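Asks: Predicted model and sequence below, questions to follow.
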Amino acid sequence: MATLDSLDRRLNAHRADLADVRLDGKVEAVRFVAGKPATICSAIADLRGSPDPASPIDHQLLLGHPIKVFEQRDGWAWAQSDIDGYVGYTQAENIGPPAGEPTHTVAARSTFAYPAPEMKLPPRNHLSMGSLLQIESEAETRGTRFAVTADGVALVASHLRPIAQTEPDYVAVAESLIGQPYLWGGASALGLDCSALVQLAMAMTGRTILRDSDMQATTVGVPVEPGDDLQNLRRGDLIFWAGHVGICQGDVGAAPHMVHASGRAMAVVSEPLDQAIARIAKTHGRPTGFRRP
C-alpha cells in the first residue's frame, strides 16, 4: 500500500511563490511566511483547491475551528486547519480573529444558534455536530436550558457537551448520521462524504484523524487481516477501496453490515457487508485494505 507523501500539498502549504515558513529548506518558494492564527466564524467554511467558487469542495471547516492563514487576497484566504492540517482556499468572510480555547462542542447532529435564549426568535445560524464554542453562562426560558456565549448567542444546552466529555463509540456516532445527505467534500453533519463520516465520528470520541480516505488508509490504527470470509472483522474496523471507505457495524439482524456515506445512495446508509462489497466492486474494485482504529 502506498505511503503518504510527507510534502503532500493537502497537508503542507507550499506554492512556487509562497510557502509556510516551517517548510523552509524542504521546498522551494519565492517567499516563506508564518501562518497567522485565526478562527472559522461561519457555520461551515468550504475549503477548495483554488480561489474559485466554481472549483470543487475539498473539505469543510466548522464554526470555531482554529486555522493558520498564509495569505488573504481578492476575497480569499489561503489557510490550514490547526485540527487536521488540511490546506486550501476559503472565502475571507469565513475568517475571524483568533479565539480562546473552546469549552463546548455541538454533540447533536445539528442545532440552531439564537440571538438570545428564546426558541421563538429566528435563529442566527444552523450549526453542525463538531462545531466549537466558548460558553460563558446558562439561562432558562420556559423550562428550556440554554448555553450562552460571551456575545449573547444562545444554544439549547442539551445539544452541547463539554470538550472534555467524549462519545464512547465512534460507530454509534456514524450510525446516528444515517439518512444525512452525501456531499462531495462535505465534512459536516448537514452533508458529508465517506472519509468525512469517519473523521467526524472519530472526532466526537476525542480522536483526530486525517481527512481523505487515502490518508486514513495509511495512518489510522493498524492493518487487520479480514480472513477469507471476512470473519475476522469486528465492529469499528475500516474497509478501504480506491477512493472509498466504510465502517464495519458488526451484525445487524443476522448479517454483518457496513455504514458509509454512499455516492450511489447520496446519503449515509447501512447495508449488508457482502452486498456492499459486491456492488462497490463494479465501480471501485475489491477492497484494498482493512484497518482497526
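Replies: The structure has been received and is ready for your questions. Numbers count the residues shown, from 1 in each chain.
Asks: What residues does residue 173 make contact with?
Replies: 167, 200-201, 204-205 (CB atoms under 8 Å, 6 or more residues apart in numbering). Using the backbone N, CA and C atoms, a C-beta is placed for each residue, glycine as well.
Asks: now stretch 258-277: how far from the chain's centre is it?
Replies: 19 Å (CA atoms, centre = their mean, to the nearest Å).
Asks: can you give me the helices in this structure?
Replies: Shown for the chain, the helices assigned by DSSP state H span residues 170-176, 194-203, 213-219, 273-284.
Asks: counting contacts, what elements does the last one pack onto?
Replies: Contact analysis of helix 273-284 by 3 or more CB pairs under 8 Å, 6 or more residues apart in numbering; DSSP states H and E lists strand 238-241, strand 244-252, strand 255-262 as its packing neighbours.
Asks: Take those strands and lay them out in CSV including mean neighbour count, distance to residue 231 and mean pLDDT.
Replies: Formatted as CSV, the helices and strands packed on helix 273-284 follow (neighbours: other CB atoms under 10 Å; distance: least, CB to CB, whole Å; pLDDT from 0 to 100):
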stretch, mean neighbour count, distance to residue 231, mean pLDDT
strand 238-241, 23, 14, 98
strand 244-252, 21, 12, 96
strand 255-262, 23, 9, 97
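Asks: so which of the ones you listed gets nearest residue 216?
Replies: strand 244-252 (6.1 Å; CB to CB).
Asks: Please save the CA atoms from the closest one in PDB.
Replies: Extracted C-alpha coordinates of strand 244-252, given in PDB (Å, rounded to 0.1, in the frame of the first residue of the first chain):
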ATOM      1  CA  HIS A 244     -13.800   5.000  -0.700                       C
ATOM      2  CA  VAL A 245     -14.100   3.900   3.000                       C
ATOM      3  CA  GLY A 246     -16.700   2.200   5.100                       C
ATOM      4  CA  ILE A 247     -17.200   1.300   8.700                       C
ATOM      5  CA  CYS A 248     -18.000  -2.200   9.900                       C
ATOM      6  CA  GLN A 249     -21.000  -2.200  12.200                       C
ATOM      7  CA  GLY A 250     -20.900  -5.900  13.200                       C
ATOM      8  CA  ASP A 251     -24.100  -7.900  12.900                       C
ATOM      9  CA  VAL A 252     -27.300  -6.000  12.300                       C
END
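Asks: Need the residues that contact it.
Replies: Residues contacting strand 244-252 (CB under 8 Å, 6+ apart): 170-171, 174-175, 194-195, 197-198, 201, 213, 216-217, 233-239, 256-260, 270, 272-273, 276, 280, 284.
Asks: same thing but 6 Å
Replies: 171, 174, 194-195, 198, 213, 233, 235, 237-239, 257-260, 284 (CB atoms under 6 Å, 6 or more residues apart in numbering).
Asks: Between those, which sits nearest residue 52?
Replies: residue 195 (22.9 Å).
Asks: Which residues outside the helix or strand bottoming out on mean pLDDT in the chain are in contact with it?
Replies: Every helix and strand of the chain was ranked by mean pLDDT, DSSP states H and E. The lowest is helix 273-284, at a mean of 92. With CB under 6 Å, 6+ apart as the test, helix 273-284 has contacts from 241-242, 244, 256-258.
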